[in-house]
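**Q** What shape does this take:
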Amino acid sequence: MKTCRLLGIQLLLIVSVFSVSASAASVKDYLDHPLIKDMKLSPSGQYLAVQMFSEGEGHWLRFLDRETFEVLGGLAFPGGREVGEFYWANDERVVLKVYDVSGSVEAPRFYGDLFALNYDGSKKEAIFGFRTGGQQTGSLIRGKKASLAWGDIIDPLPDDKSHILISSTPWTEKLDGKSTAVLLDVYTGTERRKFKTSKHPFGSFITDRSGQVRMVKSYKEDRTPLIEVYPNSDTGWIDIDNIKMDDSFTPFAVSYDLDSAYVFDHGDDDKLGLYTLSFDDLTLSKVYAHDRVNVTMSKMTVDGTGVYGMQVDDGYPSYLLFSSDYEEAKIFKRLTQTFPGRIVDILSRTADGKTWIVKTESDIDPGSFYLFDAENNKIGLLFNARPALEAEEMSPMVPIEFESFDGLSVSGYFTQASALKEDDVAPMVVLVHGGPRTRDYWGFNPEVQLLASRGFSVLQINYRGSSGYGKAFMAAGDRHWGDHVQQDIIAGTRWAIEQGKAKSGNICIMGASFGAYSALQSSVLEPDLYACAIGNAGVYDLQLMHKKGDIYSRYIGDKYLEQVIGIDDEELAKFSPVNHVAKIKAPLLIAHGKKDERAPFEHAEALTKALDKHNKPYELFVKRREAHGFYDVDNNVEFYEKALKFLGKHLQ
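**A** Presented below is the predicted three-dimensional model:
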């Protein structure tokens, strides 16, 4: 493939980044933020906006001339702020989210601020959020003023060069504010019009390709969604009450003909599928549902208002295209043929559809950005997201499946240690994902590849309670965190031993958040199976979850906890590893951030106190300014260097 010129880009990056040493990649090379996070073409294709990361500046933005790659302007915030998601509002102006790093916490947080600037760096201004302010700009136009609210972009309105549609959600301690769709001027920050306010908190808005708000989803106090629909001007807004739905019912796009909406729902199936909701009679029709897994995501048009396909992850990812109304569908089909066996994402396009920005990824490719000339059918590499990592040094991630203790089929992934000699069996790490209502996917995982590069095979298990495998599979984890979920993980570990992928006595278990809980709880249930355990940002006392942390204190958070862990004190105590450390034989490494709000530091304190009482060996790694997991690269590197040393000490 022809590689695009890097003339101006070399002005942006440290030269040494492109001249990577032939020696093995360092721990930091794996754990550092990707050098390139995102890039987007201006509507005309004349300019290219690149979101990058560098130490000391965090995520920042640069604008290039697309033909010469000359640097035209950019933005790097002082004082700990970072550039977040960004959009071209027109051919000269970009609107972006601002993330703030407070003085006490390492990880940046979004407080609702929106910022705008031109491609040459001029006219930089906060246009929404608590940093805005100003006088009335006219008798009929409301002037820009500070907004104590979260602003999120609903629709960039490609045909409107001066405005975008945002949602404005008031700041509240419990996150129970109702959201309003607002037309915002991208130059002055003035609010031109309010369209619609959600009836309940957690409001989200769906527009059609003309920019009209057509649907609103919000959540009632019983955690069920309320869907409001705008079929036409004659009916006005109406509530949907003739469809049985749970919290999985998610509208996300309006059809090209404007007659229906695309939604994710279960319908009468166990697996989450794609459906259409008719605006005429408000009935659901199934488009597609897989027999083994949920539909993972929709493939949306660049402006976010249309959908042309979907992704399904049954082991490896696959794609289904069901609409040819959008140019993206035709381009995506060509791209998947060009990059077989890779995850493909269209990031940006010009208004005329001649030029596109594409990102690819795989288990051994951490991300590659391409410029695609559709008119001449030419594609050229622009950047590698992690240029210090070589695909030849990575290890393939292979889907696996096994039968659990009760006959339930459980899936996951196995990544063999790199540079393994024939017939050798490497020490293995069982890496447990958090959530628990998430799942592991095939693709590049820096944590997995780091472990494999240091001689450890990695087993990942999508235990019951994980998302992605249907309602029944996910619900099977409710109130079974401490037994059935862990028995899936234990069964997977034994499966790996039986398959010759690991040796008994040479296995450690580790994870973060719920994964840390599992590392400890599995070590309680099977004290002889794991040679060591590592927990980072873990929950170790389930009773404490009803008293501390940001879940129980937020809108409908108490209802969620009641569903997934219950309120029976005896059961909660039984499933809390802090109460059973006497059974643990494995040496432990416990890591935690003192500013953690999801799993407060009290969990680590209670665990270490119990370990001390029973004279159990453990190592402790604490960072004062970290929250739920380690965001700061140096802190993360320090933790992983300690973890690798710990693993090397206890595995052979």
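
**Q** Tally up the residues packed near K174, please.
**A** 11 (other C-beta atoms under 10 Å). Just so you know, the C-beta spots here come from the backbone N, C-alpha and C atoms, and that holds for glycine as well.

**Q** scratch that, L64
**A** Using other C-beta under 10 Å, L64 is surrounded by 23 other residues.

**Q** try G341
**A** G341, neighbours per other C-beta under 10 Å, totals 11.

**Q** if I pick it, what's in contact with it?
**A** Listed by C-beta atoms under 8 Å, 6 or more residues apart in numbering, the contact set of G341 reads Y316, S362.

**Q** Is it in a helix, a strand, or coil?
**A** coil (DSSP: H, G, I helix; E, B strand; the rest coil).

**Q** Would you mind identifying the next helix or strand past the longest strand seen in the chain?
**A** As assigned by DSSP state E, the longest strand anywhere in the chain is strand 109-118. Moving toward the C-terminus from strand 109-118, the next helix or strand (DSSP states H and E) is strand 125-128.

**Q** Pull out the buried residues from that next one.
**A** For strand 125-128, burial by neighbour count (16 or more other C-beta atoms under 10 Å) applies to A126, I127, F128.

**Q** and the helix or strand just after it, which strands flank it?
**A** Scanning forward in sequence from strand 125-128 by DSSP H and E, the next helix or strand is strand 149-155. Here strand 149-155 has these sheet partners by DSSP bridges: strand 163-170 (antiparallel).

**Q** F414 contacts P396, doesn't it?
**A** No: using C-beta atoms under 8 Å, F414 is not in contact with P396, being 9.4 Å away.

**Q** With neighbour numbers in mind, choose between those two.
**A** The residue with more neighbours, out of F414 and P396, is F414; 22 against 14, by other C-beta under 10 Å.

**Q** Within the helices and strands, which one has the more buried one?
**A** F414 belongs to strand 409-415, assigned by DSSP H and E.

**Q** Would you mind pulling the contact partners of the helix or strand just after that strand?
**A** Following strand 409-415 in sequence order, the next helix or strand is strand 428-432 (DSSP H and E). Residues lying outside strand 428-432 but in contact with it, judged by C-beta under 8 Å, 6+ apart, are 447-448, 451, 456-461, 463, 489, 492-493, 496, 501-503, 506-511, 514-515, 518-519, 522, 530, 647.

**Q** returning to that earlier point: want to try a markdown table for the buried residues of strand 125-128, with pLDDT as columns?
**A** Below are the buried residues of strand 125-128 laid out as a markdown table (pLDDT from 0 to 100):
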| residue | pLDDT |
| --- | --- |
| A126 | 94 |
| I127 | 95 |
| F128 | 95 |
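
**Q** Return the member of those nearest to Y316.
**A** Proximity to Y316 was ranked across the buried residues of strand 125-128 by C-beta to C-beta; first place goes to F128, at 40.9 Å.

**Q** Would you confirm that that closest one contacts D113?
**A** Yes: the pair F128 / D113 is scored as a contact, 6.8 Å apart, by C-beta under 8 Å.

**Q** which residues do the two both contact?
**A** G151.

**Q** My read is that D185 contacts S162, right?
**A** Yes: using C-beta under 8 Å, D185 is in contact with S162, at 6.0 Å.

**Q** ok, these two, which is more surrounded?
**A** In terms of neighbours (other C-beta under 10 Å), D185 is the more surrounded of D185 and S162; the figures are 18 against 15.

**Q** can you tell me how far the more buried one sits from H163?
**A** 6 Å (C-beta to C-beta, to the nearest Å).

**Q** So for these two, which residues contact both of them?
**A** By C-beta under 8 Å, 6+ apart, the residues touching both D185 and H163 are R192.

**Q** Reduced to three states, what does T276 come out as?
**A** T276 ends up strand, using three-state DSSP.

**Q** State the pLDDT value of G515.
**A** What the model reports as pLDDT for G515 is 98.

**Q** actually E92, not the one I typed
**A** So E92 comes in at 97 (pLDDT).

**Q** in terms of contact, does it touch A116 like I think?
**A** No: counting by C-beta under 8 Å, E92 does not reach A116; the two are 10.5 Å apart.

**Q** Look at those two and report which has more neighbours.
**A** A116 (24 against 19).

**Q** Next one: that one relative to V101, how far apart?
**A** From A116 to V101 the distance is 21 Å (C-beta to C-beta).

**Q** Repeat that for S54.
**A** 15 Å.

**Q** More neighbours: which of those two?
**A** Neighbours were tallied for S54 and for V101 using other C-beta under 10 Å; the higher tally belongs to V101 (19 against 15).

**Q** The nearest residue to K123 once chain neighbours are set aside - how many residues pack around it?
**A** Distances taken as C-beta to C-beta, 6 or more residues apart in numbering put L117 closest to K123, at 6.1 Å, once the chain neighbours are dropped. Neighbour count for L117, taken as other C-beta under 10 Å: 22.

**Q** list the contacts for L117?
**A** L117 touches G73, L75, R93, V94, K123, K124, E125, counting by C-beta under 8 Å, 6+ apart.

**Q** So among the contacts of strand 428-432, which ones count as buried?
**A** Buried among these (16+ other C-beta under 10 Å): 447-448, 451, 456-461, 463, 489, 492-493, 496, 501-502, 506-511, 514-515, 518-519, 522, 530, 647.

**Q** Point out the ones among those residues that are inside strands.
**A** Short answer: the buried ones among the contacts of strand 428-432 in strands (DSSP E) are S457, V458, L459, Q460, I461, I507, C508, I509, M510, G511.

**Q** Now do the residue nearest to the spatial centre of the chain against S404, distance only.
**A** Central residue of the chain (C-alpha atoms, centre = their mean): T438, 10.0 Å from the mean position. Using C-beta to C-beta, T438 is found at 19 Å from S404.

**Q** Could you do A76 as well?
**A** 50 Å.

**Q** likewise A533?
**A** For A533, the distance to S404 - C-beta to C-beta - is 21 Å.

**Q** Now do the contacts for the nearest residue to Y47 once chain neighbours are set aside.
**A** Spatial nearest neighbour of Y47, excluding adjacent residues (C-beta to C-beta, 6+ apart): Y119 at 4.8 Å. By C-beta under 8 Å, 6+ apart, Y119 lies in contact with S42, Y47, A49, F63, L72, G73, E92, R93, V94.

**Q** in this structure, which ranges drop under the pLDDT threshold?
**A** Within the chain, the stretches with pLDDT under 70 are 1-23, 103, 133-145.
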